[in-house]
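K.L.:
predicted coordinates and the sequence they were generated for:
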Amino acid sequence: MTTKRILVVDNEAKMRRILELSLRSMGHEVEQAGDGQEALAKIESGSFDLVLTDLRMPRLDGIGLLTALRGADNDIPVIVMTAYGTIETAVAAMKVGAADYVIRPFEMETIEMAVTRALTMQVVQRENRFLKDEVSRGWGDFVGTSRAMRALYELLQQVAPARSSIFVVGETGTGKELVARAIHVASGRSGLFVPINCAAIPADLLESELFGHIKGAFTGAVRDRIGKCELASGGTLFLDEITEMPIGLQAKLLRVLQESVIEKVGGNAATPVDLRVVAATNRDPQHSVDTGVLRRDLYFRLNVVRVDVPLLRDRLDDIPLLVDYFINKYSIELSRSPPAMSPDALAILQTYAWPGNVRELENIIERAMVLCRGDVIAAAHLPAELAAEPAFAGRSPVDASARVKVQSLALRPHVDEVERHLIEAALASAGGNKAAAARLLEISERALWYKIKRYGFT
């Protein structure tokens, strides 16, 4: 266990000294206070990880000290010491919020065990609070069996066990954080997965969020705070939208990555950290470097392994699986039986361009689940713009003549005509073979049959 700061509170100087020597032998820093009032003053002016206090003291006793701490929303663990005949008082202290109690006279081993137990429980409780905030923020397990996803799985399996930094690149909504979480889980690292969105936190607060601060470091810093880097020590730090981090702060982050130490805002002491860093961006990272948005040396430090997350429009074959996944998810949330997806509705989903990727698909399925009152999600339950935005507008999956037609038309008013030309070209290229034409168009055969029926092809 790392060194902790412990405050020993007792009106007997000899007992304070004995406890101090015992706790220092465990590797902890120790300060003393003669009663509850003195203890409150020391806690107000400094930071402690644990308080070990007697119950019976002048001015302010142990119960009063504990009550004052909890009233100030201070969750520092407190162990109370009580004589054999006052166990009821110790139980009362536990109800007020004490972490544990020991009965006098006691062996030093008893105190040491109680201290170790309380400090361990403090870490567990802190992690549990953090995990409660983080639960259900992802999409759960990966969904997809397409070639692009299988390639992603193979790459993650290779890179996850290493400690190397990873740069995840992908458009908004592709699931970059899901990839980072998967890397952490497969890495076997025992610490937390700690995400931080560099774009969502004001620049003047981001440094404190990353490295923590000490009390009084700036206006509003009323107590010491642990930063995300320290919280992620032993685990994985996920820096989402890294290109949004201020350039000055990038230099400080680079030092952390190179030296594995942090300095809290307002402090001078260096705290060692053991980080595995996964960074992510929805921009072209090389362009960010060339334009001065991302430091070149930081980019090289982070980009040991690059992971490109597939776009949804590049894995349309996964849409039926994703649709089933989200239907089941929102059926549970809405307390209803899962509806089926009509072939027409599914064909629309499989021929849409998906600029918002998987996140957009999830939102659309959630909307359809709310609007659908029956057992089948129909095309009418989908946004109208989906049917007017073909997946291959502006793309060239077939031959040169089709490309000329696409480039010579204004897409919006001529969507149907463009799509019809593409299908005709694909069918001609495939000799009328529907399955081959569907592969050329990179859509499912069922979606192609829907289009053939819609445009009246024979």
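P.N.:
Yep, that arrived. Numbering: from 1, shown residues only.
K.L.:
now Val370: which helix or strand?
P.N.:
helix 357-371 (DSSP states H and E).
K.L.:
can you report phi and psi for Leu239?
P.N.:
When read as degrees, to the nearest 10, the backbone of Leu239 gives phi -100, psi 90.
K.L.:
which strands and helices lie in contact with the helix holding Val370?
P.N.:
helix 319-333, helix 343-349 (3 or more C-beta pairs under 8 Å, 6 or more residues apart in numbering; DSSP states H and E). (C-beta placed from N, C-alpha, C; glycine too.)
K.L.:
quick one, which of the ones you listed gets closest to Leu192.
P.N.:
When these are compared by C-beta to C-beta, helix 319-333 sits nearest Leu192, at 24.9 Å.
K.L.:
how far away from the center of its chain is whichever helix or strand comes after the closest one?
P.N.:
Downstream of helix 319-333, the next assigned helix or strand under DSSP H and E is strand 340-341. Offset of strand 340-341 from its chain centre (C-alpha atoms, centre = their mean, to the nearest Å): 32 Å.
K.L.:
report all helices and strands that strand 340-341 contacts.
P.N.:
Going by 3+ C-beta pairs under 8 Å, 6+ apart, strand 340-341 lies up against helix 319-333, strand 376-377.
K.L.:
how about TSV for the ones you listed, with mean pLDDT, mean neighbour count and distance to Thr172 added?
P.N.:
Formatted as TSV, the helices and strands packed on strand 340-341 follow (pLDDT from 0 to 100; neighbours: other C-beta atoms under 10 Å; distance: least, C-beta to C-beta, whole Å):
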stretch	mean pLDDT	mean neighbour count	distance to Thr172
helix 319-333	92	17	17
strand 376-377	92	18	25
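K.L.:
got JSON lines for the helices and strands packed on helix 357-371, with distance to Asn197 too?
P.N.:
Listed next are the helices and strands packed on helix 357-371 as JSON lines, based on distance: least, C-beta to C-beta, whole Å:
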{"stretch": "helix 319-333", "distance to Asn197": "23"}
{"stretch": "helix 343-349", "distance to Asn197": "29"}
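K.L.:
how far off helix 319-333 does the helix holding Val370 point, in degrees?
P.N.:
Orientation check (axes from the mean of the first three to the mean of the last three C-alpha atoms, to 10 degrees): helix 357-371 against helix 319-333 gives 50 degrees.
K.L.:
in helix 357-371, what's buried?
P.N.:
Asn357, Val358, Arg359, Glu360, Leu361, Glu362, Ile364, Ile365, Glu366, Ala368, Met369 (16 or more other C-beta atoms under 10 Å).
K.L.:
do stretch 103-120 as well
P.N.:
Ile111, Ala114, Val115, Ala118, Leu119.
K.L.:
poorly predicted segments of the stretch 51-200 of the chain, please.
P.N.:
Within the stretch 51-200 of the chain, the set of residues satisfying pLDDT under 70 comprises 84-87, 123-141.
K.L.:
can you give me the strands in it?
P.N.:
Here the stretch 51-200 of the chain has its strands, by DSSP state E, counting those that start in this stretch, at 78-83, 100-104, 166-169, 193-197.
K.L.:
redo these as TSV? Include distance to Ala380.
P.N.:
Listed next are those as TSV, based on distance: least, C-beta to C-beta, whole Å:
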stretch	distance to Ala380
strand 78-83	62
strand 100-104	62
strand 166-169	37
strand 193-197	36
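K.L.:
Lys329: which of those strands is closest?
P.N.:
The nearest among those, by C-beta to C-beta, is strand 193-197 at 20.8 Å.
K.L.:
for the closest residue to Leu294 other than its chain neighbours, phi and psi?
P.N.:
Sequence neighbours aside, Ser288 is the residue nearest to Leu294 in space, at 4.0 Å (criterion: C-beta to C-beta, 6 or more residues apart in numbering). Dihedral angles of Ser288 (phi, psi; degrees, to the nearest 10) stand at phi -60, psi -40.
K.L.:
now the one 4 residues further on
P.N.:
Here is the backbone geometry of Gly292 (degrees, to the nearest 10): phi 80, psi 10.
K.L.:
got the domain boundaries for this protein?
P.N.:
5-133, 148-308, 313-386, 400-455 (automatic domain parsing).
K.L.:
which one of these lies nearest to Phe142?
P.N.:
domain 148-308 (6.8 Å).
K.L.:
about what we covered before: mind putting the domains of the chain into TSV with distance to Phe142?
P.N.:
Listed next are the domains of the chain as TSV, based on distance: least, C-beta to C-beta, whole Å:
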stretch	distance to Phe142
domain 5-133	21
domain 148-308	7
domain 313-386	10
domain 400-455	20
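K.L.:
Cys229 contacts Leu237, correct?
P.N.:
Yes - with contact defined as C-beta atoms under 8 Å, Cys229 and Leu237 form a contacting pair (6.1 Å).
K.L.:
shared neighbours, these two?
P.N.:
Leu275 (C-beta atoms under 8 Å, 6 or more residues apart in numbering).
K.L.:
which of the two has more neighbours?
P.N.:
Neighbours were tallied for Cys229 and for Leu237 using other C-beta atoms under 10 Å; the higher tally belongs to Leu237 (29 against 25).
K.L.:
the more buried one belongs to a strand, doesn't it?
P.N.:
Yes - counting by DSSP: H, G, I helix; E, B strand; the rest coil, Leu237 is found in a strand.
K.L.:
who touches it in this structure?
P.N.:
Contacts of Leu237 (C-beta under 8 Å, 6+ apart): Val194, Ile196, Lys228, Cys229, Leu275, Arg276, Val277, Val278.
K.L.:
next one: the last one from Asp240, what distance?
P.N.:
Separation of Val278 from Asp240 (C-beta to C-beta, to the nearest Å) stands at 9 Å.
K.L.:
okay, and the common contacts of the two?
P.N.:
Ala180.
K.L.:
looking at the two, which is more packed in?
P.N.:
More neighbours surround Val278 than the other of Val278 and Asp240, with 28 against 20 (other C-beta under 10 Å).
K.L.:
from Ala221, how far off is the closest residue to the more buried one other than its chain neighbours?
P.N.:
Using C-beta to C-beta, 6+ apart and skipping the chain neighbours, the partner closest in space to Val278 is Ala180 (4.3 Å). Remark: distance between Ala180 and Ala221 (C-beta to C-beta) = 29 Å.
K.L.:
and if you look at Asp100?
P.N.:
Counting by C-beta to C-beta, the gap from Asp100 to Ala221 is 30 Å.
K.L.:
looking at these two, which one has more neighbours?
P.N.:
Asp100 (18 against 15).
K.L.:
looks like the more buried one contacts Ala114 (just checking).
P.N.:
Yes - with contact defined as C-beta under 8 Å, Asp100 counts as touching Ala114 (5.0 Å).
K.L.:
joint contacts of these two?
P.N.:
In contact with both Asp100 and Ala114: Ile79, using C-beta under 8 Å, 6+ apart.
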